[in-house]
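Trainee: just the structure for this:
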Amino acid sequence: MAELQKRGAVESAAAFRCVLVLHDADGTELISEGSCVGRVRQSPRGAGGFGYDPYFYLASGKSLAELTVSEKAGGQPSRRGASPMAAQMKERPTKIGIMSDGHGDRRAIDRAVERAGKVDLWLHGRLRSDAAYLALVSAVRVENVAGNTDWPDGKTPDEIVVEAAGHRIFLTHGHIYGVRSTR
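Mentor: Numbering: from 1, shown residues only. Take a look at the predicted model:
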């Protein structure tokens, strides 16, 4: 606004641009952007929004601060940038690794990580220290539940529901529900 005042101008052409970049550990890079073209005016209008919203006017004549929630959802630059990013992420397959009963054998965990290759999430059942090591060597999120011989530590749940790839996954070690080995 100070620049407009310095030039003695009442308004000026303006654009807002939002760029989102996701750079994954495997080198995958997703880029999405959106923009909004309008005019910046010295006279603010509207009570919604924040920052420059009352000063930024669209071709419709409304300021961003005058838009309804539904109007903003479809036209905000951040939304315009986020929508393509969300679509790109939905198209990206999710690979989930599952491991249980490593019993502190770090070589077994290393082999499991090597054989699984790049995964987006590990589901793990048993020792919290095994889960921590798995997270360290795989550099991805690990969800962990207690095993059948773990002492209650107040930190490791017996069961959880994990949200991944648009699905809800129930995770438990099995002994709580009477699951028995078939061997």
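
Trainee: list the contacts of L127.
Mentor: L127 makes contact with G102, H103, G104, G147, D150, according to C-beta atoms under 8 Å, 6 or more residues apart in numbering. Glycine gets a C-beta too; all of them are placed from N, C-alpha and C.

Trainee: isn't the third one right next to A131, touching?
Mentor: Same thing as G104. No. At 11.5 Å, G104 and A131 do not qualify as touching, with contact defined as C-beta atoms under 8 Å.

Trainee: comparing these two, which shows the higher neighbour count?
Mentor: Using other C-beta atoms under 10 Å as the criterion, G104 and A131 rank with A131 on top: 22 against 11.

Trainee: my read is that one is in a strand, agree?
Mentor: No. Under DSSP: H, G, I helix; E, B strand; the rest coil, A131 falls outside any strand and is assigned helix.

Trainee: okay, now the residue nearest to it when sequence neighbours are not counted: neighbour count?
Mentor: Sequence neighbours aside, N144 is the residue nearest to A131 in space, at 3.6 Å (criterion: C-beta to C-beta, 6 or more residues apart in numbering). N144 has 25 neighbouring residues, counting by other C-beta under 10 Å.

Trainee: L121 is in contact with N144, correct?
Mentor: No. If you go by C-beta under 8 Å, N144 and L121 don't touch, sitting 11.5 Å apart.

Trainee: dump the helix or strand containing R39 to PDB, keeping only the CA atoms.
Mentor: In this structure, R39 sits in strand 29-41 according to DSSP states H and E. Provided in PDB are the C-alpha atoms of strand 29-41 (Å, rounded to 0.1, in the frame of the first residue of the first chain):
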ATOM      1  CA  GLU A  29       9.000 -34.400  -6.600                       C
ATOM      2  CA  LEU A  30       5.500 -33.100  -7.100                       C
ATOM      3  CA  ILE A  31       5.000 -29.500  -8.000                       C
ATOM      4  CA  SER A  32       1.600 -27.700  -8.200                       C
ATOM      5  CA  GLU A  33       0.800 -24.100  -8.500                       C
ATOM      6  CA  GLY A  34      -2.200 -21.700  -8.600                       C
ATOM      7  CA  SER A  35      -2.600 -18.000  -9.200                       C
ATOM      8  CA  CYS A  36      -5.100 -15.300  -8.800                       C
ATOM      9  CA  VAL A  37      -5.100 -12.100 -10.900                       C
ATOM     10  CA  GLY A  38      -6.800  -8.900  -9.800                       C
ATOM     11  CA  ARG A  39      -6.200  -5.400  -8.600                       C
ATOM     12  CA  VAL A  40      -4.800  -4.000  -5.400                       C
ATOM     13  CA  ARG A  41      -6.700  -0.900  -4.100                       C
END
